[in-house]
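>>> Sequence first, predicted model second:
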2 protein chains.
Amino acid sequence: MITIHGMQDSGNCYKPRLMMALLGRPFRHNEVSTRDGSTRTPDFLARNPVGQCPLLELEDGRVLAESNAILVFLGEGSPFLPADPFARAQTLRWMFFEQNQHELNIAGRRSLTVYPERAAAATPERMALTLESGNRALGVMETHLTGAPFFGGMAPTVADIALYPYTASAPEGGFDLAAFPAVQSWLARIESLPGFRPRDWLPAA
Amino acid sequence: MITIHGMQDSGNCYKPRLMMALLGRPFRHNEVSTRDGSTRTPDFLARNPVGQCPLLELEDGRVLAESNAILVFLGEGSPFLPADPFARAQTLRWMFFEQNQHELNIAGRRSLTVYPERAAAATPERMALTLESGNRALGVMETHLTGAPFFGGMAPTVADIALYPYTASAPEGGFDLAAFPAVQSWLARIESLPGFRPRDWLPAA
């Protein structure tokens, strides 16, 4: 069975758990955390030199890092990953947008807000910059979702699974989603998908 | 013929040009710039709401944004993109690393250093943070390249093309590559690939 090494309270780690839930596939959860040093042990660093989670471990012991690369791998052969190369590239487009312009600002500001050990890094300059850049990313999403129900078009794809977790938790970082009604409707559409599970859900051990 | 709307002096825009050069495929270059407002016109924003380049335009008028999504699309069916889903996911892993931990710090610090209009944003706090985070990303690359010649393993892939431009130009942002000898050897391996072209190269009009 596949193992997902991840942190319960992390949107990046929630992505592959949500994907597996939507696919109806069983998996094992192993709790590790960027907050307690367990992703910076020599053993973990040998498997992922970036020292972050999630980390996917296959039955044969091979590992794969980076939440969005894991989503693509898990989505292969399912309706969540288009087979057509151009449609597939469009899902990747939104996944790179997520990592470059969304996650660092929206998840970053949440982390600076909710984790006490990050208080020293939450300078006024950084809080202002992440708020401005995060709202710009939400605006780009709003523009897209005004014309399409999902990021891959008419049906949900891995791009939606990549964007959902930190958009849903954006208010924890001080973002006001009331200004983005199309984004709010899209969040509700994701939450109504068969098999949907919230962030704190973990599979039975 | 494919058109790449891009900025000559941009590592992200250099990525698809280098890919096309390595594939030996002709293309048309159309100069746009994030510095003169040409990626923020209503027409451009309608094609890419993020207001950035590069933007790939196919013969039939369809467009694709995000440099790394473009690389994957262009690499399809070539030796630069593995067909095996796990090997393909490993190339994506490094491409998401590039956008999340490398580009924003290393290209970001270069932009704050070389573009006069960005001087006000180049605060001491931001310069220190991008230097520290950029050096950490270079350290992750050094660790990987100590054990493998390329990011996809034994042969160059789209992951190498994604990581090359802003690693090569890192000194323009004040990064000292002397501390990363395996990274320097890898840069030389990329530069010796048949068809390699430097950043300022553009196809004949």
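Everything's here; your move. Numbering: from 1, shown residues only, chains lettered A, B, ... in the order given.

>>> Doesn't residue A:89 lie inside a helix?
Yes: assessed with DSSP: H, G, I helix; E, B strand; the rest coil, residue A:89 lies in a helix.

>>> how close does it get to residue A:135?
As judged by C-beta to C-beta, to the nearest Å, residue A:89 and residue A:135 stand 27 Å apart. C-beta: built from backbone N, CA, C; applies to glycine.

>>> Who has more neighbours out of the two?
residue A:89 (22 against 16; other C-beta atoms under 10 Å in any protein chain shown).

>>> what's the burial count for residue A:148?
12.

>>> Please tell me the pLDDT value assigned to the nearest residue to it once chain neighbours are set aside.
Excluding the flanking residues, the one nearest residue A:148 by C-beta to C-beta, 6 or more residues apart in numbering or on different chains is residue A:154, at 7.3 Å. Predicted confidence (pLDDT) for residue A:154: 92.

>>> Next, count neighbours for residue A:154.
7.

>>> Same question for the one 4 residues further on.
A count of nearby residues for residue A:158, using other C-beta under 10 Å, gives 28.

>>> same deal with residue A:1?
Look at residue A:1: counted by other C-beta under 10 Å, it has 10 neighbours.

>>> so it sits right up against residue A:59, yeah?
Yes: using C-beta atoms under 8 Å, residue A:1 is in contact with residue A:59, at 6.7 Å.

>>> picking that back up, backbone dihedrals for the residue nearest to residue A:148, both of them.
The phi/psi pair for residue A:154 (degrees, to the nearest 10) reads phi -90, psi -10.

>>> and if you look at residue A:106?
When read as degrees, to the nearest 10, the backbone of residue A:106 gives phi -80, psi -50.

>>> Same check on residue A:64?
phi -140, psi 130.

>>> check contacts around residue A:31.
In this structure, residue A:31 makes contact with A:6, A:7, A:8, judged by C-beta atoms under 8 Å, 6 or more residues apart in numbering or on different chains.

>>> one more time with 7 Å
Residue A:31 makes contacts with A:7, A:8, as judged by C-beta atoms under 7 Å, 6 or more residues apart in numbering or on different chains.

>>> cool, the one 3 residues further on as well?
The neighbours of residue A:34, taking C-beta under 7 Å, 6+ apart as the test, are A:7, A:52, A:53.

>>> residues near the second one, how many?
As a burial measure, residue A:52 scores 22 neighbours (other C-beta under 10 Å).

>>> where's it relative to residue B:136, distance?
Noted for residue A:52: a distance of 11 Å to residue B:136, by C-beta to C-beta.

>>> How about the first one?
Relative to residue B:136, residue A:7 is positioned 20 Å away (C-beta to C-beta).

>>> Neighbour count: these two, which is higher?
A count of neighbours by other C-beta under 10 Å puts residue A:7 above the other of residue A:7 and residue B:136, at 20 against 14.

>>> Retrieve the pLDDT associated with the more buried one.
96.

>>> Around chain B, which positions in chain A sit nearby?
Contact residues (C-beta under 7 Å from any C-beta of the partner chain) of chain A with chain B: A:49-50, A:62, A:64-66, A:68-69, A:72-73, A:76, A:85-86, A:89-90, A:92-93, A:96-97, A:99-101, A:103-104, A:123, A:125, A:140, A:143-144.

>>> Please enumerate the strands of chain A.
Ranges of strands within chain A are A:3-6, A:28-31, A:55-57, A:63-65, based on DSSP state E.

>>> what residues does the third one touch?
Yep, that's strand A:55-57 we're talking about. Surrounding strand A:55-57, the residues in contact under the criterion C-beta under 7 Å, 6+ apart are A:2, A:3, A:4, A:5, A:16, A:47, A:48, A:63, A:64, A:65, A:70.

>>> Let's have these in JSON lines, adding neighbour count and distance to residue B:21.
Formatted as JSON lines, the contacts of strand A:55-57 follow (neighbours: other C-beta atoms under 10 Å in any protein chain shown; distance: C-beta to C-beta, whole Å):
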{"residue": "A:2", "neighbour count": "15", "distance to residue B:21": "39"}
{"residue": "A:3", "neighbour count": "16", "distance to residue B:21": "41"}
{"residue": "A:4", "neighbour count": "24", "distance to residue B:21": "39"}
{"residue": "A:5", "neighbour count": "22", "distance to residue B:21": "39"}
{"residue": "A:16", "neighbour count": "26", "distance to residue B:21": "36"}
{"residue": "A:47", "neighbour count": "17", "distance to residue B:21": "35"}
{"residue": "A:48", "neighbour count": "19", "distance to residue B:21": "32"}
{"residue": "A:63", "neighbour count": "16", "distance to residue B:21": "33"}
{"residue": "A:64", "neighbour count": "22", "distance to residue B:21": "30"}
{"residue": "A:65", "neighbour count": "23", "distance to residue B:21": "30"}
{"residue": "A:70", "neighbour count": "29", "distance to residue B:21": "31"}
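
>>> Sounds good, over and out.
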